[in-house]
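S.K.: Output the structure for:
(chains A and B, ligands or ions: 2)
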There are 2 protein chains.
Amino acid sequence: MLFDKETYTARRDRLKRKVKEGLILLFGNNDAPSNYPANVYKYRQDSSFLYFYGQHREGLVGVIDIDNHKEYLIGNDIDIEDIVWFGAVDSVADLAAQSGVEHSAPMSRLEELVTQARTQGRKIHFLPPYRHDQMIQLMDLTGIHPSRQREEASLELIMAVIDQRAVKTPAEIEEIERACAIGHEMHTTAMRLCRPGVSEQYIAGTISGIASAKGCMTSFPTILSMHGEIMHGYPSPRPLEDGRLMLCDAGAETNENYCSDNTRTTPINGRFTSRQRDIYSIVEACHDHVLDIARPGVKWWDVHMSVARLMTERLKELGLMKGDTEEAVRNGAHAMFFPHGLGHMMGMDVHDMEGLGQRYVGFDDEVQPSTQFGTNCLRCGRRLQEGWVMTDEPGIYFIPALIDEWKSKGIHKDFINFDLLETYKDFGGIRIEDDILITASGCRMLGHERIPYHMDDVEEFMAQRTN
Amino acid sequence: MLFDKETYTARRDRLKRKVKEGLILLFGNNDAPSNYPANVYKYRQDSSFLYFYGQHREGLVGVIDIDNHKEYLIGNDIDIEDIVWFGAVDSVADLAAQSGVEHSAPMSRLEELVTQARTQGRKIHFLPPYRHDQMIQLMDLTGIHPSRQREEASLELIMAVIDQRAVKTPAEIEEIERACAIGHEMHTTAMRLCRPGVSEQYIAGTISGIASAKGCMTSFPTILSMHGEIMHGYPSPRPLEDGRLMLCDAGAETNENYCSDNTRTTPINGRFTSRQRDIYSIVEACHDHVLDIARPGVKWWDVHMSVARLMTERLKELGLMKGDTEEAVRNGAHAMFFPHGLGHMMGMDVHDMEGLGQRYVGFDDEVQPSTQFGTNCLRCGRRLQEGWVMTDEPGIYFIPALIDEWKSKGIHKDFINFDLLETYKDFGGIRIEDDILITASGCRMLGHERIPYHMDDVEEFMAQRTN
Ligand SMILES: [Mn+2]
Ligand SMILES: [Mn+2]
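M.R.: Ligands and ions are numbered 1, 2, ... in the order given. Just a heads-up that it's a prediction; the model follows:
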C-alpha cells in the first residue's frame, strides 16, 4: 500500500460526505483472460478502487453503506490448493484492517447487501463499468443489462470521485515522478536504439521491458511508428527507414499504478532534414508555449486554442495554411494538421479517470465539449486547478486519407494550401509530449531528468549515444 | 497470415464434415480493457479463430452455415476518423477473401443469422467462451446466461477443433521453433542477469521485453521467484538472495501466436549447494526419463506415473520418502513434492486448447482424469500421437503450508519422512521444463539451441557469462 490506512479512511469519509446517502459499490478488478480462462494479462487494479482502498489483490469489492454507517471489504479467502499454486496471502479480514475498513465478508454477502438496499428503495451507487466480467456481476446484482449500465451509473459518485482524484497531493506527485524516471529510461533507450534497419516492434518491445522491469508495466500500449501521422500507430515488424522520423509515445506505470506519458519524435538517421526542422520547430514552439500560459484559473480550452492559433500562424509562414488565423481556428481548419486535443489529465490512469466519462472529468457548466472535428478530441476544457497533472502534447501530422478527403470535398479550402500539402503526404507526423503539474502560480514539467526534445539536443544525443 | 487461403479453407471444410450440421459460430477476440474502456491490453486473437481464419484483426466473427453451404466473415468496416487514429486497414470483404470466405457482412447481420437458424430449430455450435464481452454478446444472441454458456457449448464443435489442432504440421512446428528461439534468448538472459541483489521483477520484466521485441508477447505471465515452491510465483520487487535458487518459467509467443514454454532453476550465486545438487539431479533424471519413454501410442498418464515412481525411488534414497514405491505413487504420496502434472499440450495456446475443456483435450474414454490431489492437475492422460507437442516439466518443491497440513493430519505418514522434510522448508523448488515433439518413433526436444540445464552446464554458463 502506498499510503497508511488513515489516508484511505479519510478519502472514503470525504466520499461519503459528498455522495450523502445510499449504498456505494466500488468494484476492484479481477484477472482478465487473454487466450483461455487461466491465462491472464498482467493484473491491473481499478484506479478508483486503489485510490480508496490501496489494495492490489484481485477479486475484491468495497461496499460503503452511508445510511447505516457501515463499511465492508468483500472477497473470498483462499484454500490450501490456492496456496500451493499462488502462495500464502493475507485474509480478506486482514486486508480490510489494513485499509481501515471495519467489516469483511465473502462474495456471497454482496448480493444480500445490494438486495436489502434495493428492497428499502435506497440508491445503489456504482461507477461506469469497463470490465465485462463486472458488467455481468452488476447485471446479476441489479438487473441492469450491460448496455445500459454506463447511463445508470451514479453521477453523484462519479463527481465525488473526480473531485478527489483530480487534485494530486505532493505524495502522489512523487509517485508520478517515479513513473517519469522510468519513462525517461524508456525514451532515451528508444532513441539509442533508433536507426535504419531496426524494427519498430523491436524498439517498442524493448522499452516495454524497461517498464515491466522497473515498474508495473507500460501505462498504455506504446505507439512507435515511422507513420507518426497515425495517432495510434502500433509498432510493426517493419524496419525503420533512413530519412524518416520515428514517433514514440510511451509511458510507464509504477508498481503503485501512477503513470507517465511522453512523446518524442526522432530522426531515424540522427539528423533532421530541413523540411523536418520546419515542422518540428512549430511543434516545439507550441509545446513550450503551454509552459508559458498554463496556470490555475486558465481554461485548458483556451490553452488548446492558443496553441492552435500559434500553429496556424506558423503554418501560414510555411505556406501550408492561409487566410485569417482567428477564423481558421474557429472553423477548425487547423485540425487537418492537429486533429487531437492538446492534452489530458494524468494520474493513476494515463488518461486520468477517462472511464468515468470525459464529459465529467474535463468539462463543466462553463466549458462544454465541442462536436467539431479535431476539437471533439479535446479531453479537457475547464479551468485548471493547482495540483492537476496534464499532458502537453501538440502535434502536426500529414494524413494522406484526410488530405484526400478534405481536398476532394473542398473542406476548409480557404485556409489550406492543398497543392503544397500534397507534397507532404510522405512526411509522417511529429508530436512532443510532456507531463506538467499545475502549480500555485503556473506550471512545471514533471520528470527530474529531461528527455531531449529541442532539435539540437536531439541531434547531439543521437550523435553521442553509445550502444 | 501464416498460411495461404487454401489451408484455412481446408481446415474449415474438415471442421464442417466433422460437425455435420447446424450453424457454427467462431468468435474472434475483441480488445480487452485494462483500466478504462480505451486503454487496452496487447491484442490477442482467439487461437481457434486464428487457426481457421488466420486473421489478426479484432472485432470479427466467423459463421459457418453447414446446412446451407454458406460461410460469412462478420465485422464492421472503419470510417475516416478511425483511419486518423488507427490507420487504413483492409475491409472486412478483403479479409474474407484472404481467408477464402465467400461472404462478408456487418456485425448487425450476426443476430439475423443466429435468429433464423434458431427459428428453424437448427443447432447453434459455439466454443466455451472465456472473454466476458463475448459472453454478453452470446447471451444477447442466444438467451443463455454466461454462467451456463460453458456447459451449453457444442461438444461436437469442441471435439472437431481438438481433433485438428492437436496434431501439428511441420509448418506449425517451424513456427513453434521460432518461439523456442525467443524463449532461448529470454532464459539465457535471465540466467545472465541472475545474481544476489537483482530483483525478481527486474529480470522478469527484462525478459518480457525480449518476448515483445522479438515476438508478440510472453506466452503466459512469467513465473520468476526465489520461492519456486509457489507454482505460480509472480515476480516480486524483492532482491534475489545468495544461496537460494531462482526458478524461471517463461515462454514467448511469435507474432503468429505460436508458443514456447521452458523452465530453468538457477543457483543465484552461480554454484549449486550439495543439498541443491541432490534434489536437482532427481528432477534432471525425471526430465530426461521422459525423453526415453514418450512415443506414439504410450499414454501420457503412464509417462507421468513412471516419472512419479522414479522420483519416489530417488527421494527414498535421500531419506525423504519411504515404503513401497508402487504403493506410495498409487496413493499419491509423491504429490507432496510433485503436486502438478508432468506436462501439457502446447501450440497456439501455451496450455493448448485448455479453454475448450481439459477433459476433452487430454482425456478420452480410455483414460479419465483423476480426482487425487496432485494427479488432478495432470492436464493430459491419453495416448500420445505423432505431431503432438507436449511439455516435459517435472519438479520437486518443498511447500511449508503443505508440509504442515499433511504432517498435522498424518497424511501419507507411511511414505513421507516428515522429520527430515521439516529441514527442507527453506529450500524452495526446482523445475526443469522443455517442449517436446512426438515423432514417428519417439520424441525430440524442440529448440535448435539448448538452454543449459545439466548442472555442470548451468554452472559453466554462470561462470562464463559476461555482462
Ligand atoms: Mn498523452
Ligand atoms: Mn508449462
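
S.K.: can we go C-alpha only for contacts and neighbour counts from here?
M.R.: OK.

S.K.: Pull the strand or helix carrying A:L420 out as PDB, backbone CA atoms only.
M.R.: Taking DSSP states H and E as the definition, A:L420 sits inside helix A:418-422. Output of helix A:418-422 as PDB, limited to C-alpha atoms (Å, rounded to 0.1, in the frame of the first residue of the first chain):
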ATOM      1  CA  PHE A 418      -3.800  21.800 -50.800                       C
ATOM      2  CA  ASP A 419      -1.300  22.000 -53.600                       C
ATOM      3  CA  LEU A 420       1.700  22.400 -51.200                       C
ATOM      4  CA  LEU A 421       0.100  20.000 -48.700                       C
ATOM      5  CA  GLU A 422       0.100  17.300 -51.400                       C
END
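
S.K.: Show me the contact partners of the lowest-mean-pLDDT helix or strand in chain A.
M.R.: Here the helix or strand of chain A ranked lowest by mean pLDDT, DSSP states H and E is helix A:80-86, holding a mean of 77. When contacts are defined by CA atoms under 8 Å, 6 or more residues apart in numbering or on different chains, helix A:80-86 is touched by residues A:V89, B:E229, B:I230, B:M231, B:H232, B:G233, B:I399, B:A401, B:L402.

S.K.: Look up the pLDDT of the second one for me, please.
M.R.: Read it as B:E229. B:E229 is assigned 89 on the pLDDT scale.

S.K.: Any chance of the backbone angles for the spatially closest residue to it that is not a sequence neighbour?
M.R.: In space, and not counting its chain neighbours, B:E229 is closest to B:G429: 4.4 Å by CA to CA, 6 or more residues apart in numbering or on different chains. Here is the backbone geometry of B:G429 (degrees, to the nearest 10): phi -160, psi 160.

S.K.: ok, B:G429 touching B:Y397?
M.R.: Yes. In terms of CA atoms under 8 Å, B:G429 counts as a neighbour of B:Y397; the distance is 4.0 Å.

S.K.: ranges for the helices of the stretch 301-450 of chain A?
M.R.: A:325-331, A:358-362, A:400-409, A:418-422 (DSSP state H, counting those that start in this stretch).

S.K.: Give me whichever of these is most buried.
M.R.: Mean neighbour count (mean count of other CA atoms under 10 Å in any protein chain shown) peaks for helix A:358-362 among the helices of the stretch 301-450 of chain A, with a mean of 20.

S.K.: Give me the distance between it and the centre of its chain.
M.R.: 13 Å (CA atoms, centre = their mean, to the nearest Å).

S.K.: Please determine whether it lies in contact with chain B.
M.R.: No. Figure legend: helix A:358-362 not in contact with chain B (CA under 8 Å from any CA of the partner chain); closest approach 11.4 Å.

S.K.: now the closest residue to chain B within the stretch 351-467 of chain A: how far from A:D31?
M.R.: The minimum distance from the stretch 351-467 of chain A to chain B, using CA to the nearest CA, falls at A:G355 (4.7 Å). According to CA to CA, to the nearest Å, A:G355 stands 18 Å off from A:D31.

S.K.: which neighbours do B:G429 and B:Y397 share?
M.R.: By CA under 8 Å, 6+ apart, the residues touching both B:G429 and B:Y397 are B:G228, B:E229.

S.K.: more crowded one of the two?
M.R.: Per other CA atoms under 10 Å in any protein chain shown, whichever of B:G429 and B:Y397 has more neighbours is B:G429, with 27 against 24.

S.K.: Would you enumerate the residues in contact with A:A328?
M.R.: Residues counted as contacts of A:A328 (CA under 8 Å, 6+ apart) are A:T312, A:H334, A:F415.

S.K.: Surely the second one is in contact with A:E313?
M.R.: It refers to A:H334. No. In this structure A:H334 lies outside contact range of A:E313 using CA under 8 Å: 10.1 Å.

S.K.: Which one of these two is surrounded by more residues?
M.R.: Neighbour count, other CA under 10 Å: between A:H334 and A:E313, A:H334 has more, with 24 against 20.

S.K.: So that one versus chain B, what's the distance?
M.R.: Separation of A:H334 from chain B (CA to the nearest CA, to the nearest Å) stands at 15 Å.

S.K.: Please parse chain A into its domains.
M.R.: As given by automatic domain parsing, the domain ranges for chain A are A:5-166, A:170-463.

S.K.: would you turn the helices of the stretch 301-450 of chain A into TSV with mean pLDDT?
M.R.: Shown next, in TSV, are the helices of the stretch 301-450 of chain A (pLDDT from 0 to 100):
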stretch	mean pLDDT
helix A:325-331	98
helix A:358-362	95
helix A:400-409	95
helix A:418-422	98
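
S.K.: Looking at those helices, which is nearest to B:M135?
M.R.: Each of the helices of the stretch 301-450 of chain A has some distance to B:M135 by CA to CA; the shortest is helix A:358-362, at 27.3 Å.

S.K.: Check what contacts that closest one and list those residues.
M.R.: A:I158, A:M159, A:I162, A:M353, A:E354, A:Q368, A:P369, A:R379, A:C380, A:G381, A:R382.

S.K.: Get me the contact residues on the stretch 251-400 of chain A for chain B.
M.R.: So far as CA under 8 Å from any CA goes, the stretch 251-400 of chain A lies against chain B at A:D349, A:M353, A:E354, A:G355, A:I399.

S.K.: top of these by neighbour count?
M.R.: In terms of neighbour count, A:I399 stands highest of those at 27 neighbours, by other CA under 10 Å.

S.K.: in the stretch 151-300 of chain A, what spans have low per-residue confidence?
M.R.: By pLDDT under 70, the stretch 151-300 of chain A has no low-scoring segment.

S.K.: wait, A:V298 sits on A:L384?
M.R.: Yes. Counting by CA under 8 Å, A:V298 touches A:L384, with 5.6 Å between them.

S.K.: Compare neighbour counts for the two and give me the winner.
M.R.: More neighbours surround A:L384 than the other of A:V298 and A:L384, with 22 against 16 (other CA under 10 Å).

S.K.: Can you tell me the closest non-neighbouring residue to the more buried one?
M.R.: Of all residues beyond its chain neighbours, the one nearest A:L384 is A:P296 (4.8 Å), with distances taken as CA to CA, 6+ apart.

S.K.: Doesn't that neighbour lie inside a helix?
M.R.: No. A:P296 sits outside any helix when classified using DSSP: H, G, I helix; E, B strand; the rest coil, being coil.

S.K.: is chain B contacted by stretch A:33-53?
M.R.: Yes. Judged by CA under 8 Å from any CA, stretch A:33-53 and chain B are in contact via A:33-37, A:39-42, A:44-47.

S.K.: In those, which residue is surrounded by the most others?
M.R.: A:N35 (27 neighbours).

S.K.: contacting residues around stretch A:281-295?
M.R.: Applying CA under 8 Å, 6+ apart, the contact partners of stretch A:281-295 are A:300, A:303, A:307, A:310-311, A:314-315, A:384-386, A:392-396, A:430-433, A:438-445, A:453-455.

S.K.: Can I get the buried part of these as one PyMOL selection?
M.R.: Typed into PyMOL, the next command selects the buried ones out of the contacts of stretch A:281-295 (criterion: 16 or more other CA atoms under 10 Å in any protein chain shown):
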select buried, chain A and resi 300+303+307+310+311+314+315+384+385+386+392+393+394+395+396+430+431+432+433+438+439+442+443+444+445+453+455
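
S.K.: Now intersect the contacts of stretch A:281-295 with the strands, please.
M.R.: Among these, the residues falling in strands (DSSP state E) are A:D392, A:G395, A:I396, A:I430, A:R431, A:I438, A:C443, A:R444, A:M445.
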